[in-house]
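sequence and predicted structure, then a few things I'm wondering about:
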Amino acid sequence: MIGKKMQDALNRQINAELYSGYLYQSMSAYYQSINLPGFANWFWVQMQEETAHSQIIYNHLVDRGGRVHLLPIEEPPFEWPDARQPLEDSYQHEQKVTAMIGNLVNLAIEERDHAANSMLQWFVNEQVEEEKNVSGLVEQLKYAEGAPAGILMLDRELGARVFTPPAILTAGG
């Protein structure tokens, strides 16, 4: 059985992961509106990943006899001044999520909740990848600025990305 403090914290993280998906869906729509379908696809895949992340935590709560409490999702922004800003905002957002995961790990240690700590280690590693991927895209877009052909090449590359459900989700946790 999961403790109430950890249950409440994980419910807040489910909300944060769903917000992340909502934010990335909004970014995808923005890129569609400026005719960069590859960037839109990249963020659509990000949305799918974040939704899967919420499902991992959801499953953990259910498996531990906890109660899932879905909270309201905050409205994300939908307008940006240029093509680079959503990526920069995404990087800052991923840094925030990394801090949230770190706080959850600290709580799991404090509560001596080894099962939650074990599950959260997947997220610790995932956040390293998330930050690396988006910061790399920010840098690539900086290099391409002033070179429309470079932006279009990057857009085509990002259009090839596909969603692959994380093994932790498909294996049942």
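Noted; the coordinates are in hand.

going forward, measure contacts and count neighbours with C-alpha atoms only.
Fine.

residues touching stretch 134-154, excluding its own?
Defining contact as Cα atoms under 8 Å, 6 or more residues apart in numbering, one finds that stretch 134-154 is touched by Leu36, Gly38, Arg84, Leu87, Glu88, Ser90, Tyr91.

which of those fall within helices?
Here DSSP state H is the test, and the contacts of stretch 134-154 give Gly38, Leu87, Glu88, Ser90, Tyr91 as lying in helices.

which non-adjacent residue is nearest the second one?
By the measure of Cα to Cα, 6 or more residues apart in numbering, the closest residue to Leu87 outside its immediate chain neighbours is Val138, 5.9 Å from it.

buried sites along the helix or strand harbouring the one you found?
Secondary structure assignment for Val138, by DSSP states H and E: helix 114-144. For helix 114-144, burial by neighbour count (16 or more other Cα atoms under 10 Å) applies to 116-117, 119-120, 123-124, 127, 130-131, 134-135, 137-138, 141, 144.

check which helices and strands the particular helix or strand that has Ile101 in it sits against.
Assigned by DSSP H and E, Ile101 belongs to helix 85-110. Counting contacts by 3 or more Cα pairs under 8 Å, 6 or more residues apart in numbering; DSSP states H and E, helix 85-110 is packed against helix 4-33, helix 114-144.

just put those helices in JSON lines and tack on mean pLDDT.
Shown next, in JSON lines, are those (pLDDT from 0 to 100):
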{"stretch": "helix 4-33", "mean pLDDT": "98"}
{"stretch": "helix 114-144", "mean pLDDT": "96"}
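
of all those helices, which one is nearest Trp80?
Among the helices and strands packed on helix 85-110, the nearest to Trp80 by Cα to Cα is helix 4-33 (7.7 Å).

next, the angle from the closest one to helix 85-110.
With axes from the mean of the first three to the mean of the last three Cα atoms, to 10 degrees defining the directions, helix 4-33 sits at 170 degrees from helix 85-110.

between helix 4-33 and helix 114-144, how big is the angle?
If you take the same axes, to 10 degrees, helix 4-33 sits at 20 degrees to helix 114-144.

buried sites along helix 4-33?
6-31.

relative to Ala9, how far out is the residue nearest to the spatial centre of the chain?
Using Cα atoms, centre = their mean, the residue of the chain that lies closest to the mean C-alpha position is Glu50, 4.2 Å off. Between Glu50 and Ala9 the computed distance is 17 Å (Cα to Cα, to the nearest Å).
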